[in-house]
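[1] Just the structure for this:
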Amino acid sequence: MTKQIRALARGLTVLNAINAAPGPVSLGDLHQATGIDRATLLRILATLDQEGWIFRGMGDRLYRLAYKLHELAEQVHIHDAIAQVAAPVLEQLQQRLHWPCDISVFDGEGMAIIETSRSRSPFVLNREVIGYKPSMLKSAIGRTYLAYCDPRRRESILRRIREQGGEEGRLAADSSYIERILQEVRERGYGIRDPSVMSLPADTLEEFSAIALPIIVRDDIQACLSFVWMKSAAALDSEDNFYRQLKPGADKLAELFEQNGLY
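    Below is the predicted model of the structure:
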């Protein structure tokens, strides 16, 4: 394990304490909140002030976060926040199930994979997938998103696919096909990939299976949790069995999303 820099950790502890306080704080407030002795606190505060991360009010002499931190927060993309929140859950699922999981979101154009546990899996399954955009109508994650998203958003997505033409445009125009595949997702609680396609080009002729579960917060789908496995290596496992093992992870992600305002 990489050795930590204790002084940096203490500085971040102080920043967190100021951020968590209901208002500006005094040296005594910070000592009580962090347990750091006052002399050390004064050095940390002086450093943070000098570097522009905090400032001390002229009138009340209390400590506040500087606007620099607000500017920094604006650079944090919501997809990065989702990936950070999801990573520990993906890690736990991968350790238990061995096969990898992905988190994907709708980015305005289609589903995009933004985090994956594939690099931690002992099985080599297209590890370079960040940013990959699968089919909305044939992938497990695309079907799951369409099944649970707001009807107006669904129609907007389908209209754009129809306008693009080709096979997917034809399928998007087939209302009976769309209703059938989306109803199947809702009845199962998860989406499955069309067996005629693979998740990504691969260096193996092995067949892969995939399912995707919705992550729903406040009655709206925010992301999809997907799971991929090689059929020949998991012949005795079923999609329903994997779903039962993945569902607590999807529920945990929904809880974390709500706690962190990711909706």
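
[2] Pass me the low-pLDDT residue ranges in the stretch 1-150 of the chain, would you?
    Scanning the stretch 1-150 of the chain for pLDDT under 70 picks out 1, 70-76, 120-131.

[3] which helices and strands does the strand or helix carrying residue 83 pack with?
    Remark: residue 83 resides in helix 78-97, with elements defined by DSSP states H and E. Taking 3 or more Cβ pairs under 8 Å, 6 or more residues apart in numbering; DSSP states H and E as contact, the helices and strands that helix 78-97 lies on are strand 101-106, strand 111-116, strand 220-230, helix 239-259. All C-beta spots, glycine's among them, are computed from the backbone N, C-alpha and C.

[4] got the ones you listed as TSV, with mean neighbour count and distance to residue 59 columns?
    Conversion of those to TSV gives the following (neighbours: other Cβ atoms under 10 Å; distance: least, Cβ to Cβ, whole Å):
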stretch	mean neighbour count	distance to residue 59
strand 101-106	25	45
strand 111-116	24	45
strand 220-230	24	43
helix 239-259	17	36
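
[5] Lowest average pLDDT across the ones you listed?
    Note on these: strand 111-116 shows the lowest mean pLDDT, a mean of 90.

[6] what does it rub up against?
    Strand 111-116 is contacted from outside by 79-80, 82-83, 86-87, 90, 100-106, 127, 129-134, 136, 139, 141-142, 145, 224, using Cβ atoms under 8 Å, 6 or more residues apart in numbering.

[7] Ok, stretch 43-62 next?
    Applying Cβ under 8 Å, 6+ apart, the external contacts of stretch 43-62 come out as 10-11, 14-15, 18, 23-27, 30, 36, 63-66, 68-69.

[8] In helices, which of the residues you listed appear?
    Secondary structure from DSSP state H places 10, 11, 14, 15, 18, 27, 30, 68, 69 of the contacts of stretch 43-62 in helices.

[9] Contact partners for the last one?
    It stands for residue 69. By Cβ under 8 Å, 6+ apart, the residues touching residue 69 are 15, 19, 53.

[10] from these, which single one is nearest residue 188?
    For the contacts of residue 69, the residue nearest residue 188 by Cβ to Cβ is residue 19; the value is 42.5 Å.

[11] ok, how many other residues are close to the closest one?
    Neighbour count for residue 19, taken as other Cβ atoms under 10 Å: 11.

[12] Make sure it is actually in contact with residue 66.
    No - judged on Cβ atoms under 8 Å, residue 19 makes no contact with residue 66 at a distance of 11.4 Å.

[13] tell me, what's touching the two both at once?
    In contact with both residue 19 and residue 66: no residue, using Cβ under 8 Å, 6+ apart.

[14] Reformat the contacts of residue 69 as a markdown table; add distance to residue 42.
    Formatted as a markdown table, those follow (distance: Cβ to Cβ, whole Å):
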| residue | distance to residue 42 |
| --- | --- |
| 15 | 15 |
| 19 | 19 |
| 53 | 15 |
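
[15] Please identify which of these is nearest to residue 180.
    Residue 180 has its nearest neighbour among these in residue 19, at 49.8 Å by Cβ to Cβ.

[16] which residue packs closest to that closest one, ignoring adjacent ones?
    In space, and not counting its chain neighbours, residue 19 is closest to residue 65: 6.1 Å by Cβ to Cβ, 6 or more residues apart in numbering.

[17] Quick one, which of the contacts of strand 111-116 are buried?
    For the contacts of strand 111-116, a burial check counting by 16 or more other Cβ atoms under 10 Å picks out 79, 82-83, 86, 90, 100-106, 129, 132, 134, 136, 139, 141-142, 145, 224.
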